[in-house]
Structures are given as C-alpha cells and as structure tokens.
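K.L.:
Below is the sequence, then the predicted model.
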Amino acid sequence: MKRSVLLSSVFVFVFLLVGMNATEYIPKEEEAVKKVIMNGYVHGAFNELNPEAMAEAFHKDFAIFSVNGEEIGRYPISNWIESTKNRKESPDFDPEKNVWESKFTSISVTGNAASVELELHHEGKHVFTDYLSLLKFESGWKVVAKVYYRHQ
C-alpha cells in the first residue's frame, strides 16, 4: 500500500513538473520570437535601417513572397539588406520621418515553428499587414518567409 501511494505521489509530482514547464515554454518562446521581430524586422528593416540586425534576424534563404499576376514574386533577403543600406545612405533619407509603429496581432508557436501577424503604421496610417514565418535553429529563431498586404 505504501509503495502504491509513493508511486502515485511521484507520478503526480512529475506530471505537475512537466505541466509547469510546458506552460512556461510557450510564453518564453513567444517572447523570443517577438524580440527577433522587433530587433531585426521592425527596427532593422524599418525604423533604424540596420542591415546588421536584419542579417541576424533573417535566415539566409529568407524571401518576401508577393503576388505578381498569377505568378509569385520572390524578393531575397540579400536584395532587401542591400536596398536598406542604400536607403539609409541616401541624402534624401530623414530618420526623423522614418518612424514606424508596430502592433502584434498574433504570435503562434508550435515546437520549432512560429508565425506572426504584425501591423505596421506610418504617420498614423495602417500601411502593411505582414505575415511572418519563423523557424528555430540551433542559433535561435530566424525569420524564413514573409507575405504581406499593403493597405491603400
């Protein structure tokens, strides 16, 4: 009888321990995903135009996918980083007017895969709704793809 009670107690303890770790895992991973998006995407690609932050946040095979008639347009990260550098170095670039506000409308994490829906606003106008896909590598979370809608 004592052995049965002891085994039951151990089982309950292990079950609770695993359950507590599972409930901590998702918020921790969601925060890690959000940090990658804020540093490398919102600030890197938009507010600060920081190519180094972009290179850290995006996988080397990342691309933006868009509709081009009945075809899919593909814009690789290497091109985006280069255009970000050029834009920042342009004499017409005004960092004070390059302020983008972001709003996370959803973050979903399942194991080593995540998706983010993000709104980007500029000068009070909703400009983009972005859908970002991420994968977790040994080095951490990386953005691997983007599709978007540009609001008029």
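P.N.:
Arrived safely, thanks for sending.
K.L.:
alpha carbons only for contacts and neighbour counts from here, please
P.N.:
OK.
K.L.:
how about residue 70, phi and psi?
P.N.:
For residue 70, the backbone dihedrals (degrees, to the nearest 10) come out as phi -100, psi 10.
K.L.:
tell me the pLDDT at the residue most central in space within the chain?
P.N.:
Nearest to the mean C-alpha position of the chain, counting by CA atoms, centre = their mean, stands residue 37 at 3.8 Å. Per-residue confidence at residue 37 stands at 98 (pLDDT).
K.L.:
ok, now residue 22?
P.N.:
According to the model, residue 22 scores 46 on pLDDT.
K.L.:
Could I get the full set of helices for this structure?
P.N.:
Taking DSSP state H, the helices of the chain run over residues 2-36, 51-57, 77-89.
K.L.:
I'd like to know how many residues surround the closest residue to the residue nearest to the centre of the chain other than its chain neighbours.
P.N.:
Counting by CA to CA, 6 or more residues apart in numbering, residue 57 is the residue found nearest to residue 37 once chain neighbours are left out, at 7.4 Å. Neighbourhood size, residue 57 [other CA atoms under 10 Å]: 24.
K.L.:
Ok, residue 151 next?
P.N.:
So residue 151, with other CA under 10 Å, has 10 neighbours.
K.L.:
quick one: contacts for the residue lying closest to it once chain neighbours are set aside?
P.N.:
Residue nearest to residue 151 in three dimensions, not counting chain neighbours: residue 127, with 5.1 Å by CA to CA, 6+ apart. Each residue near residue 127 by CA atoms under 8 Å, 6 or more residues apart in numbering is listed here: 119, 120, 121, 150, 151, 152.
K.L.:
neighbours around residue 150, how many?
P.N.:
For residue 150, the count of nearby residues is 10 (other CA under 10 Å).
K.L.:
is the residue nearest to it when sequence neighbours are not counted in a bridge, and if so with what?
P.N.:
Once flanking residues are discounted, residue 150 sits nearest to residue 128: 4.6 Å by CA to CA, 6+ apart. Here residue 128 sits in beta bridges with residue 120, residue 150, going by DSSP bridges.
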